[in-house]
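Asker: sharing a sequence plus its predicted fold:
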Amino acid sequence: MVTRRQLLAASAAGGAAILVPAGGSASGRALAALDAGEIPKYVTPLRIPPAMPAVATGPERDEYVIAVRQFRQQILPPSWPRTTVWGYGSTAHPGSFGCPAPSIVARVGRPVRVTWVNQLVDDRGDYLPHLLPVDPTLHWANPAGGTEYRDRHGQSDGGPQGYRGPVPQVVHVHGAHSAQESDGHSEAWYLPAARDLPPDFAVTGSAYREFRSRFAEHSGLRWAPGSATFEYANDQRSCTLWYHDHTLGLTRQNVYAGPAGFYLLSGDDLPDAVLPGPAPTPGDPPNTSYHDIPLMIQDRSFSADGELFYPGGYSAHPDGPIWVPGYSGSTIVVNGRTWPSLTVQRRRYRFRLLNGCNSRFLLLGVVANATARPARPVLPVWQIGSDGGFLPEPVPHERLALGPAQRVDAIVDFTDVPAGTELYLVNEGPDGMYGGGRPGVDFPPADPHTTGQVLRFVVTDATGADPSVPPERLQLPSHPRLGPAQRVRRLSLNERISGGSMIMLLGVLDERGRGRPLRWSDPVTEQPVLGDTEVWEVRNFTRHVHPVHLHQVQFELLGRGHSGSAQPGPGERGWMDTVLAYPWEVTRIKAHFDLPGRYAWHCHLLEHEDNEMMRPLNVLPRGGAAAGDGGSSGGDGGSSGGSG
């Protein structure tokens, strides 16, 4: 590991660095990761993402033009080097680019149209290579394969950084009820409109042309090179969504490089001032005080020069970067800063918590001692919502579980905390893969001196009255539940050895109840009929917890356990788009499919998703025959077939 003292010595000596063949950074050199224990904590204030500025606000919709660009940002403390990252921002507002990006603030029932532009080019208009080592041998976008071999396995040229060509991008609003052409399909990627694109490269994914045509049919607009225009109807409940890249086989590294942001959908579910506020809105004056704050929690490692560090070597392939099955960074980054501090008043705050990590699971609590383990919570975290909107009633948590891509809408009440008190949001999730259980009993918790800490709260006196309702007295809006299911599908999560390493695959169950693994390119098995409600019984045959995400829908969790009949916990009784599937258990969910077309379902451990743990989800028009997968028609299902 490289300490701060060694870093300063290296800088004085002209930037010499320690070589480590198994890692890579934005500099293109192999460097050692910084020692996270040397990075000071709580010396920078929390950055609160502002609202994304629109380019037009008309009677029918709000319109945005949002690009992804490369820039340098102060993620480490101010006296440390800046970090090269990617991030989104408004092309009409050059100062808006950030990591994370400004939040898209939308209203229920009011459409939003976004033109997403890939601007990963330099000042001359030449394409920029990836910041991180890219394994081109996966089943991925593969632009170098041309139109014939795009969206397939590529080949390695033996270079230490792997693929160094132009970077494909496509944006997915996670949790949105989107038409297929606006969903951000993994094969609808596009390269930047750079002046030096190799002539034999594919410039778009295999699904791009189809979705471009579909969008043009109903809007009259044609996508420009290097971009795609998507429209979001916002015809769903008030909730906390987020947007990020979703390129086939490259999501893990694209997201790790920085491009992500919140998509905050609000409506008229509750009167003003019932919940803590305000939240950021367009045109807010500087130094506005917010009491509704989004928190994007990520883990990142940094190399000796302050750049992002991501491992590039795995198994017996010394000639180039190879996929790794999971990665947990050595620091915790909240809203684009390592271990920030937030000054709070003696009042209630609403926090939109997002686990934006590639693979890390979080177990969060508010404590007075940042390093004592087991952690002793001193304030409850009141959960009022999950991925898709409000819960039936508020739920207090001493320890809040949050898998990758999951969101929790929460209230923390500092009213009775004396001014001058310092409290900490800490993490007792593991530093490696998560198999369920209790920290300190079933697995060692994260390092309490680094990844076991998240954020500091410094409590001050309130400057005015707090009109919000105490969480224990909140009456949350109710929503109707889904009706009877027309079909039960029995699906599987599986482990297999491939190329000397363990990979994870989705699949179905065979006639004996055993998992039958399937890859992204295998024939489609999940083909609901438009308008149908289905129960999916997902049996996990692996040793790890997997966050399973379905595109298009928000679903209900029906049950867990060996037979799938154990009732979900109070915090899981709302609408979800990402559910935790525990080892050797059946996870039963119910979803209604009301939009036709091509979608996907996948594990949201991004390293798993990028190496085949994703399957097509095609919603057929009414009158089409649903594909057989060992499931059955009718009823809400009982236990899944087989004992595993």
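Answerer: Everything's here; your move. Nothing here was measured: the structure is a model prediction, and the numbers come from that model.
Asker: what packs against the longest helix belonging to the chain?
Answerer: If you go by DSSP state H, the chain has its longest helix at helix 208-219. Contact analysis of helix 208-219 by 3 or more Cβ pairs under 8 Å, 6 or more residues apart in numbering; DSSP states H and E lists strand 227-232 as its packing neighbours. No exception for glycine: its C-beta is placed from N, CA and C like everyone else's.
Asker: do that again at 10 Å, thanks
Answerer: strand 227-232, strand 597-603 (3 or more Cβ pairs under 10 Å, 6 or more residues apart in numbering; DSSP states H and E).
Asker: make CSV out of those strands and add mean pLDDT, distance to W116 and mean neighbour count.
Answerer: As requested, the helices and strands packed on helix 208-219 are arranged in CSV below (pLDDT from 0 to 100; distance: least, Cβ to Cβ, whole Å; neighbours: other Cβ atoms under 10 Å):
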stretch, mean pLDDT, distance to W116, mean neighbour count
strand 227-232, 98, 5, 22
strand 597-603, 98, 18, 23
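Asker: so which of those is nearest Y208?
Answerer: strand 227-232 (7.3 Å; Cβ to Cβ).
Asker: tell me the strands beside that closest one, with direction?
Answerer: Partner strands and pairing direction for strand 227-232 (DSSP bridges) are strand 112-118 (antiparallel).
Asker: so where do the strands sit in the stretch 251-400 of the chain?
Answerer: 260-266, 292-302, 308-311, 331-334, 337-338, 341-345, 348-355, 362-367, 377-379, 381-386, 389-397, 400-402 (DSSP state E, counting those that start in this stretch).
Asker: how about the closest residue to E556 other than its chain neighbours, what does it touch?
Answerer: Leaving aside its chain neighbours, E556 sits nearest to K590 (4.7 Å; criterion: Cβ to Cβ, 6 or more residues apart in numbering). Residues counted as contacts of K590 (Cβ atoms under 10 Å, 6 or more residues apart in numbering) are 481-485, 488, 533-536, 553, 555-558, 636-637.
Asker: rewinding a little: got the helices and strands packed on helix 208-219 as CSV, with distance to P430 columns?
Answerer: Below are the helices and strands packed on helix 208-219 laid out as CSV (distance: least, Cβ to Cβ, whole Å):
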stretch, distance to P430
strand 227-232, 35
strand 597-603, 17
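Asker: what segments of the stretch 1-150 of the chain are helices?
Answerer: Per DSSP state H, counting those that start in this stretch, the stretch 1-150 of the chain carries helices over the ranges 4-12, 146-149.
Asker: before we move on, the earlier item: how distant is the longest helix of the chain from the center of its chain?
Answerer: Relative to the centre of its chain, helix 208-219 is centred 26 Å away, using Cα atoms, centre = their mean, to the nearest Å.
Asker: so what touches that helix?
Answerer: Residues outside helix 208-219 that contact it (Cβ under 10 Å, 6+ apart): 113, 150, 168, 170, 179-185, 187-190, 202, 204-205, 221-223, 228-231, 597-598.
Asker: return the set of buried residues in it.
Answerer: By neighbour count on 16 or more other Cβ atoms under 10 Å, the buried set for helix 208-219 is Y208, E210, F211, R212, F215.
Asker: also stretch 498-510?
Answerer: Result for stretch 498-510 [16+ other Cβ under 10 Å]: buried residues S501, I503, M504, L505, L506, G507, V508, L509.
Asker: so which of those residues sit within strands?
Answerer: Using DSSP state E, the subset of the buried residues of stretch 498-510 located in strands is S501, I503, M504, L505, L506, G507, V508, L509.
Asker: those residues: which two are farthest apart?
Answerer: Using Cβ to Cβ, those span at most 24.8 Å, a distance reached by S501 and L509.
Asker: now do the residue nearest in space to the middle of the chain against T331, distance only.
Answerer: Geometric centre of the chain, nearest residue: A405, 3.9 Å, by Cα atoms, centre = their mean. According to Cβ to Cβ, to the nearest Å, A405 and T331 sit 20 Å apart.
Asker: how's the protein carved up into domains?
Answerer: The record's domain split for the chain, according to automatic domain parsing, is 50-295, 330-473, 487-633.
Asker: need those in CSV (columns: distance to L34).
Answerer: Output for the domains of the chain, formatted as CSV (distance: least, Cβ to Cβ, whole Å):
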stretch, distance to L34
domain 50-295, 8
domain 330-473, 8
domain 487-633, 22
